[in-house]
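Q: After the sequence you'll find the predicted model.
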Amino acid sequence: MKLKKWIAPILTCSLMSLSFATGSASAATNSEYSLKFNATNYTTKTITVDGQSVTYRAYENIVYVKNPVDINYETMNVYVPEEYFQGKSIGSYTADTAPIFFPNQVGGYMPAQPGSTETGKGMGMGAGPQNGAPKTDKESAAAPDADTGTELNKPAAGKDENAGKPSSESPSAIAVALSKGYVVASPGARGRTTKDEKGVYTGKAPAAIVDLKAAVRYLRFNDDIMPGDAEKIISNGTSAGGALSALLGATGNNAEYEPYLEAIGAADERDDVFAVSAYTPITNLDNADAAYEWQFNGINTYEKLDFSGNTDFNMERTLVEGTLTEDQIQVSNELEAMFPEYVNSLGLTNTDGTALKMDADGNGTFKDYIKDFVIASAQKALKSGTDLSDKTWITIENGTVTDIDYDQYLAYLGRMKLPGAFDGLDLSNGENDLFGTANVAAQHFTQFGLEHDTAGGTLADQNLVKMMNPMNYISTEGTTTTNNWRIRMGTKDSDTSLAVSTILATELENKGSNVDFAMAWDIPHSGDYDLDELFAWADKVSATSPKASAAAIPSKSSLLVNGNKISVNAYNIDGSNYFKLRDIAMVVNNTTQQFEVTSDENTNTLNITSDKTYTPTGIELSASVNTSSKTGVMTATKITLNGQEISVTGYNIGGSEYFKLRDVAKSLDFNLEWDAGTHTISIDTSNIYKDSNK
């Protein structure tokens, strides 16, 4: 058992001197940090969450790479409920099965230290209480977020310390996660203002995502000796942190990041994650300016947040009101005109297959699609008792929101940024800083920004720009994109366009991911405002989703199809048999349950047409001596049956897609029997499917 592996080192190491600090930030005398988790170096703490006392062990300031560039940020805090060291469970979770909640504290692409139970209420920009009204953007400007840093001084192992927040205060996501039985691992990361002692920038793109990937690798490297399931890592972040959470989920194991990971001494492990929670992700930066002006073009007054020059996100903010100049209006017009072409190039569709497009004026099914999300948000608020009578742009009939005046809604939402909102023409935006170099503070990252430059700027390396946009990696070859996504954006958020999160969510859905996307009513730019709903979702996907990766063992079972023995390659994963879809089609061909299989590479879809003769490709039933186990990685390939998507669990094993035979049998309605005595699988196409727990 994993827990036994965990306890043994504690019993052994506790008898030794505790003066060592291998793998922790205080071990600064080491030329290279250990990647092995130090199980003895913790503090026992207690907090109160909604009246519930939660005791946990805090392993703080863990350096998660061998060769850190900056140990102020390349560290991680790990928190584990005390029950797991007593062999107890919390709800349905044990020390072996508890998901790992992985919240980053990044805001504004600034450097961020790990979050803790005492801090880390989610990245700010208005992050509000769970059960109260979130801060408005103006309130956020007046009241910057609390420091999310942690002390680098380490407590002695086993020291008791009461961290107890009063229950009247709104708990952080970290505290709530612990109360629900999650192991928490909160990573720090370098950011755009990070410098070394020589004044050289060390946190420009892609440093932040590289650091988060390295932290994931550390958890997977130590999975056997740490509580929690490293195959159930759930990333969480807001704003730029939400963008990094999305990027982490989209780019798992992609080789383009490998040289950067090797340079900092990351563990030689996978860096894909199980699930992603992204609040209002400031992402798709190379198209975000056009998206912003498509949304706010014609709204020429603004309320803009200006920031102080501090080097982390906990900076002073002031609100500046103004009106666009004629030159700025012209820039807005040019950017707005660029957006329809980008949207149309994506080939997005909604759930019923309708193409999401726009005409040259920016109108069309895509705009209507976004409007529908706003209407759905208003309807949910109305149903919960929210008074919408002051919103004269909402049409309500018989207790139902039937329409909104979209132009009036955008006027209510209000412009917050100048054109270009992200690639500032004067290089003054944080995103310009993100794409600087070791010696250059800021650069343009779009051709438009360079061509309209007012500050003598240069253009960033376009490969680095690519590496910061998850849209470039979703379900691409050599990449493990997570299957489980929760994306939230507030309908009162004017920091970025509603289109950005909508495009991300729709692209993921179109590529076969399981996406929970919604807009939260009247919420400004913020995150972690619905923690009960967040963890209900996390519990659901953790309970119902197959593992992101799993051991695939060659099946030793015999296969009979209508009494005839068939030789075919198959694998067993967690007690279920997985076959290639084309092999199944081949063995039931010319029966009453025959079906055709076609593929669509553009949408990463395999299409099944029932009651149609299968057309062989020549690769079917190519059985071989299959004796070695492999790692199966969950596939994002979508399966449709007669045009409707169906739920079929699949894994990529050795470069080929294998699908759960029982899922296929149930969908196509042919009977499947299992004989444990003879290890025989029997397919009977003459009988309908019968439920079985086998």
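A: That came through fine. Numbering: from 1, shown residues only.

Q: for Arg488, what are its contacts?
A: Counting by Cβ atoms under 8 Å, 6 or more residues apart in numbering, Arg488 makes contact with 277-280, 501, 517-520, 527, 530. C-betas here are computed from N, CA, C, even on glycine.

Q: List of residues touching the top helix by length along the chain?
A: Longest helix in the chain, counting residues (DSSP state H): helix 326-346. For helix 326-346, contacts defined as Cβ under 8 Å, 6+ apart pick out 287, 289-294, 296-297, 300, 324, 356-362, 364, 366, 418-420, 425, 448, 452, 499, 503, 507.

Q: Keep only those of those residues that are in strands.
A: Per DSSP state E, strands hold no members of the contacts of helix 326-346.

Q: Type out the ChimeraX command that picks the buried ones from the residues you listed.
A: To isolate the buried ones among these in ChimeraX, judged by 16 or more other Cβ atoms under 10 Å, type:
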select :287,289,290,291,292,293,294,296,297,324,356,357,358,362,364,366,418,419,420,425,448,452,499,503,507
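
Q: Look at the nearest residue to Gly512 once chain neighbours are set aside and say how many residues are nearby.
A: Nearest non-adjacent residue to Gly512, counting by Cβ to Cβ, 6 or more residues apart in numbering: Lys638, 3.4 Å away. By the criterion of other Cβ atoms under 10 Å, Lys638 has 21 neighbours.

Q: likewise the one 10 residues further on?
A: By the other Cβ under 10 Å criterion, the neighbourhood of Val648 contains 22 residues.

Q: Does it lie in a helix or a strand, and which?
A: Using DSSP states H and E, Val648 sits within no helix or strand.

Q: my guess is it contacts Tyr658, does it?
A: No - with contact defined as Cβ atoms under 8 Å, Val648 does not count as touching Tyr658 (10.6 Å).

Q: before we move on, the earlier item: and the longest helix of the chain, what's buried?
A: For helix 326-346, burial by neighbour count (16+ other Cβ under 10 Å) applies to 328, 331-332, 334-340, 342-344, 346.

Q: for stretch 70-85, same thing?
A: Of all the residues in stretch 70-85, those buried under the rule 16+ other Cβ under 10 Å are 70-81, 83-85.

Q: which residue is nearest the centroid of the protein?
A: Val276 (2.5 Å; Cα atoms, centre = their mean).

Q: these two touch, right, Asp223 and Ala230?
A: Yes - counting by Cβ under 8 Å, Ala230 is a contact partner of Asp223 at 3.9 Å.

Q: Among the two, which residue is more densely surrounded?
A: Neighbours per residue, other Cβ under 10 Å: of Asp223 and Ala230, the larger number sits with Ala230, 24 against 18.

Q: helix, strand or coil for that one?
A: strand (DSSP: H, G, I helix; E, B strand; the rest coil).

Q: can I assume it is in contact with Ile100?
A: Yes - the criterion here is Cβ under 8 Å, and Ala230 meets it with Ile100 at 6.4 Å.

Q: Show me the common contact partners of these two, please.
A: Joint contacts of Ala230 and Ile100 (Cβ under 8 Å, 6+ apart) are Leu219.

Q: sorry, back to before: pairing-wise in the sheet, spell out the partners of the residue nearest to Gly512.
A: Taking DSSP bridges as the rule, Lys638 bridges to Thr605.

Q: Roughly how far does it sit from Ser513?
A: 9 Å (Cβ to Cβ, to the nearest Å).

Q: just to revisit the earlier point, of the buried residues of stretch 70-85, which is the nearest to Asn562?
A: Lowest distance from Asn562 to the buried residues of stretch 70-85 (Cβ to Cβ) belongs to Tyr84, with 49.7 Å.

Q: Tell me which residues touch that closest one, please.
A: Tyr84 is in contact with 3, 90, 94-95, 98, 183, 227, counting by Cβ under 8 Å, 6+ apart.

Q: can you check Thr592 too?
A: 685-686.

Q: Sketch out the low-pLDDT regions of the stretch 51-200 of the chain for me.
A: 119-169 (pLDDT under 70).

Q: Show me where it has its strands.
A: Secondary structure of the stretch 51-200 of the chain by DSSP state E, counting those that start in this stretch: the strands cover 52-63, 75-81, 99-103, 159-162, 183-187.

Q: buried sites along the longest one?
A: Meaning strand 52-63. Within strand 52-63, the residues scored as buried using 16+ other Cβ under 10 Å are 54, 56-63.

Q: Dump the C-alpha coordinates for that strand into CSV.
A: Provided in CSV are the C-alpha atoms of strand 52-63 (Å, rounded to 0.1, in the frame of the first residue of the first chain):
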residue,chain,number,x,y,z
GLN,A,52,-15.1,22.4,11.3
SER,A,53,-11.7,21.9,13.0
VAL,A,54,-9.2,20.7,10.4
THR,A,55,-5.8,19.4,11.5
TYR,A,56,-3.1,19.0,8.9
ARG,A,57,0.6,18.6,8.3
ALA,A,58,2.3,21.5,6.6
TYR,A,59,5.3,20.8,4.4
GLU,A,60,6.4,24.2,3.3
ASN,A,61,9.0,25.9,1.1
ILE,A,62,9.9,22.7,-0.8
VAL,A,63,12.3,23.5,-3.6
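
Q: and that strand, what other elements does it pack with?
A: In terms of contacts (3 or more Cβ pairs under 8 Å, 6 or more residues apart in numbering; DSSP states H and E), strand 52-63 is packed against strand 43-49, strand 75-81, helix 173-179.

Q: Distance to Thr613 for these - can I get that in TSV?
A: Output for those, formatted as TSV (distance: least, Cβ to Cβ, whole Å):
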stretch	distance to Thr613
strand 43-49	60
strand 75-81	56
helix 173-179	52
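
Q: out of the ones you listed, nearest to Arg486?
A: Closest to Arg486 of the helices and strands packed on strand 52-63, according to Cβ to Cβ: helix 173-179, at 12.7 Å.

Q: could you say what helices and strands that closest one packs with?
A: Counting contacts by 3+ Cβ pairs under 8 Å, 6+ apart, helix 173-179 packs against strand 43-49, strand 52-63, strand 75-81, strand 99-103, strand 183-187, helix 531-544.

Q: so how far is the helix or strand following the fifth one from its chain's centroid?
A: Tracing the chain past strand 183-187, the next element assigned as helix or strand by DSSP H and E is helix 207-221. Computed by Cα atoms, centre = their mean, to the nearest Å, the chain-centroid distance of helix 207-221 equals 14 Å.

Q: ok so, going back, farthest-apart pair in the buried residues of stretch 70-85, please.
A: Greatest spatial distance among these (Cβ to Cβ): Asp70 and Glu83, at 35.0 Å.
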